[in-house]
Every structure is written in C-alpha cells, then in structure tokens.
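**Q** how would this look folded up:
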Amino acid sequence: DSRAQRVSPRPPSERARVAAAFTAGWVLRGTPVRYALERGEANAEAQLLGWRESVAASRAGQGVDAVLRQAFPAATLAGWQSDGDCEPLPLAAQWLTDRLPRWERRLRREVGYEPLDAPPQICLLQAGTPHADLRRSRIWLREWHSREGRVTLIHEYLHLAFRTHPRGQDENDIERLAQQLADT
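**A** Below is the predicted model of the structure:
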C-alpha cells in the first residue's frame, strides 16, 4: 500500500546513506516483497517483513540475510547480476524442516549444538563437492532423494548447527551423527 510510503522532505542521514550503499544491487528473488511497521498476529504466517521486529533482530545481532530469511524463507538474496546464485530445492528444504523436530531432542544433548534461527536454504549444486555456506546459512548439494543424498543433506545441516563449536569442523563426528539421524 503506497499510501504509507512517503519520501522525507529532509535529506538522508549519513547512516541512511551507508545502509543504502551497503544494500545497493541486492535482489530478493522468489517471492513478492511486502513489509509493514509491525507483523502483528494477523500477519504472523504471511511472508511479510515487520520493520520493528527486524530492527529488534538486528540489535540482537542477527545479520540482514538472517532477518530477510526469517521473513521470506522461500526467497533467495542475491546480487543484481549474480550468475551463480542459489537454485532452491524446496522439497529438500521441506524434508529437512519436517524432520528437525524429531531430531531436536537428540541434538540438544550434543555438545556444541545450536539450532538455527531459520531453516537453511537448500540449493542445487551443479559441480563440486556438497558443502554448507556458514555465512549465508545455505546447503549446496546435487541430490537428496537417495539415502546417501539425505545423509549428505543432514551432514551439511550439522555443519551449520555446530558452526560455533570445534565439532562443526570434525568430519568424522559430523558424518557419524548424520548417519545415525538418517536412520531415525
């Protein structure tokens, strides 16, 4: 609703200019972008960015990509001319999201486990080795339909979930845990 969008008669502050420069060229692909002053209960399920909630999340230390991922989980944040961006695998993301509650009790007993603020994006990997992008909370993999593909998906999720602990770098430990979770 453009009635609530007004241009200020004052020139932008230095902080506003820095924010505009930082985000110049960003594109949110895959969903319409809607925003409001507050999400409110009526809009809790909608893909809607609540300004006040976003400011609070930022002050709590969440990065802009995490804030956008919470509001628009189906979208991909990319540069205007980003060729190598994420091609989402929504069914793989749903498969992982559906199983996380089942694994949560077990994972909470594991030293170093930290649940993610929002589900990671699952992206199709065209070439190379499957991996987790810790900064952008993305998992890159070729396929996930086979048991081995699902183990790979779980394995890369565990790298994200143990990202701040040394266990997150222990390939043997992560693989052992991924195999166990795949069998539950």
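**Q** Just checking, which helix or strand succeeds the longest helix seen in the chain along the chain?
**A** Of all the segments of type helix in the chain, defined by DSSP state H, the longest one is helix 90-108. Counting by DSSP states H and E, the next helix or strand C-terminal to helix 90-108 is strand 121-124.
**Q** got the buried residues for that following strand?
**A** Buried residues in strand 121-124, defined by neighbour count with 16 or more other Cβ atoms under 10 Å: 121, 122, 123. Quick note: C-beta positions are derived from backbone N, CA and C, even for glycine.
**Q** Kindly report the same for stretch 31-39.
**A** Within stretch 31-39, the residues scored as buried using 16+ other Cβ under 10 Å are 36, 39.
**Q** Can you give me the first-to-last residue distance of that stretch?
**A** Taking Cα to Cα, to the nearest Å, the first and last residues of stretch 31-39 lie 17 Å apart.
**Q** Ok, stretch 47-56 next?
**A** For stretch 47-56, the end-to-end distance is 18 Å (Cα to Cα).
**Q** Give me the mean pLDDT for it.
**A** Taken as a whole, stretch 47-56 has a mean pLDDT of 88.
**Q** just how off-centre is that stretch within its chain?
**A** In terms of Cα atoms, centre = their mean, to the nearest Å, the centre of stretch 47-56 is set 16 Å apart from its chain centre.
**Q** ok but residue 39 is inside a helix, no?
**A** No. According to DSSP: H, G, I helix; E, B strand; the rest coil, residue 39 belongs to no helix; its state is coil.
**Q** who's in contact with it?
**A** Residue 39 makes contact with 46, 48, 49, 50, 53, according to Cβ atoms under 8 Å, 6 or more residues apart in numbering.
**Q** Name the nearest residue to it, ignoring sequence neighbours.
**A** Excluding its sequence neighbours, the residue lying closest to residue 39 (Cβ to Cβ, 6 or more residues apart in numbering) is residue 50, at 3.4 Å.
**Q** tell me the phi and psi of that neighbour?
**A** Per-residue torsions, residue 50: phi -90, psi 120 (degrees, to the nearest 10).
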